[in-house]
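Engineer: below is the structure, and that's it, no one-letter string:
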Ligand SMILES: O=C(O)CCC(=O)C(=O)O
Ligand SMILES: [Fe+2]
């Protein structure tokens, strides 16, 4: 059975398959290939096939195609209406008056830059264990032809904070642990607040959504560092993808590089001072019965200025939470689009599937899943 969402997603710009070559260099090989960011040599390991290369510059913003801005201090009814429109039309928006102290955001940005500025060996040493340090690699070695122009630090376990702080900044580890913890607490508060508003903006009562609201929390955070790149038009910072969780909170510096797929083109997102970018993840798309969609996005790089971004992923943490649209969102005009699923199963599927971009989600949640599973084992 053809899925509504599959059809919609296939019209996005990024559905063009990224070339598939199973063998990829190991992390250390990729690191060895990578020149220091000041070098003018572009390593072949990072050259993407022309069809995947970005044609829109990091700062090629289009007037009139800016992300909606939601002021969280506005009257709740007005805010919900704007939110609904932003989610239906974009799947991405900026929030202002979000309550996260500006100095905390700047401190975190500074810490992130300071961490990525450490020698490679120190970064690897400081992140052994539950921190996963990804060095110039694509999300999955199996899936992609080339490495991404990014260093990424993924954190799934908050108890690792003191370890990284004491390895990376032995002299100030207590203060730095506190900054990390305070920051993540603020992100958690914001994630909770946004998820509730999203539910209400769909006209669903909080009580109906209680399983979702109480079953979501921190599913991870990722620090991205994109060094300046001698050949940005042949490189990708992050490959096109959707986020699997419910709500992503993206804090970026002022350089620019985030691009989102919209109506067949890539739109460069202009950073706004003190604003935070929010996007809908796959799990919320499923819960909303596809009223709100997760949107493919990517990061491009530039030749002048390194960039940092910090993604905070808020989503299902309760193991027994089944992601399923509430009855208010299913009717004759809105038949069920996705099958119910558990987040952990979806995450396992993502790591083993060969599908790119949003296709992994579309196939995994399709209502005729057994047939779709066979399709997924084929090369895209
Ligand atoms: O750096 C960016 O702008 C995008 C980051 C992102 O999409 C992610 O970490 O999932
Ligand atoms: Fe993302």
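Structural biologist: Cool, the structure landed. Remember, it's a predicted structure, so these values are computed and weren't measured experimentally. Residues are numbered from 1 along each chain as shown. Ligands and ions are numbered 1, 2, ... in the order given.

Engineer: how about the stretch 51-200 of the chain: which residue is closest to ligand 1?
Structural biologist: In the stretch 51-200 of the chain, the residue that lies nearest ligand 1 is residue 152 (7.4 Å; Cβ to the nearest ligand atom). Every C-beta, even on glycine, is put in place using the N, C-alpha and C of the backbone.

Engineer: the helix or strand where that residue lies packs against which elements?
Structural biologist: If you go by DSSP states H and E, residue 152 is part of strand 151-155. Under the contact criterion of 3 or more Cβ pairs under 8 Å, 6 or more residues apart in numbering; DSSP states H and E, strand 151-155 touches helix 102-116, strand 131-135, strand 216-226.

Engineer: out of those, deepest packed?
Structural biologist: Among the helices and strands packed on strand 151-155, strand 216-226 has the highest mean neighbour count (mean count of other Cβ atoms under 10 Å), at a mean of 22.

Engineer: what's the first helix or strand after that strand?
Structural biologist: Heading C-terminal from strand 216-226 (DSSP H and E), you reach strand 238-241.

Engineer: so what strands line up beside that next one?
Structural biologist: strand 297-299 (antiparallel) (DSSP bridges).

Engineer: which elements pack onto the following helix or strand past the strand it pairs with?
Structural biologist: As assigned by DSSP H and E, the chain's next helix or strand after strand 297-299 is strand 307-316. On a contact count with 3+ Cβ pairs under 8 Å, 6+ apart, strand 307-316 meets helix 102-116, helix 173-201, strand 216-226, strand 247-252.

Engineer: just to revisit the earlier point, quick one, which of the helices and strands packed on strand 151-155 gets closest to residue 65.
Structural biologist: strand 216-226 (22.4 Å; Cβ to Cβ).

Engineer: does ligand 1 have contacts with the closest one?
Structural biologist: Yes. Using Cβ under 6 Å from any ligand atom, strand 216-226 reaches ligand 1 at 222, 224.

Engineer: name the element the closest residue to residue 186 other than its chain neighbours belongs to?
Structural biologist: Of all residues beyond its chain neighbours, the one nearest residue 186 is residue 100 (4.6 Å), with distances taken as Cβ to Cβ, 6 or more residues apart in numbering. Assigned by DSSP H and E, residue 100 belongs to neither a helix nor a strand.

Engineer: tell me the confidence at residue 100?
Structural biologist: pLDDT recorded at residue 100 is 98.

Engineer: how about the residue of the stretch 151-300 of the chain found nearest ligand 1: what's its closest non-neighbour residue?
Structural biologist: Taking Cβ to the nearest ligand atom, ligand 1 has its nearest neighbour within the stretch 151-300 of the chain at residue 258, 3.3 Å off. Using Cβ to Cβ, 6+ apart and skipping the chain neighbours, the partner closest in space to residue 258 is residue 269 (4.3 Å).

Engineer: picking that back up, rank the helices and strands packed on strand 151-155 by pLDDT, which is bottom?
Structural biologist: strand 131-135 (a mean of 65).

Engineer: rewinding a little: quickly list what the residue of the stretch 51-200 of the chain closest to ligand 1 is bridged to.
Structural biologist: residue 134, residue 224.

Engineer: that older thread, list the contacts of the residue of the stretch 151-300 of the chain closest to ligand 1.
Structural biologist: 250, 252, 268-269, 277, 297-299, 309 (Cβ atoms under 8 Å, 6 or more residues apart in numbering).

Engineer: export these to JSON lines and tack on distance to ligand 1?
Structural biologist: Output for those, formatted as JSON lines (distance: Cβ to the nearest ligand atom, whole Å):
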{"residue": "250", "distance to ligand 1": "6"}
{"residue": "252", "distance to ligand 1": "5"}
{"residue": "268", "distance to ligand 1": "10"}
{"residue": "269", "distance to ligand 1": "8"}
{"residue": "277", "distance to ligand 1": "8"}
{"residue": "297", "distance to ligand 1": "5"}
{"residue": "298", "distance to ligand 1": "7"}
{"residue": "299", "distance to ligand 1": "4"}
{"residue": "309", "distance to ligand 1": "3"}
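
Engineer: got a list of what the residue nearest the centre of the chain touches?
Structural biologist: Taking Cα atoms, centre = their mean as the criterion, residue 243 is the residue nearest the geometric centre of the chain, at 4.5 Å. Going by Cβ under 8 Å, 6+ apart, residue 243 touches 279, 281-282, 294, 311, 313.
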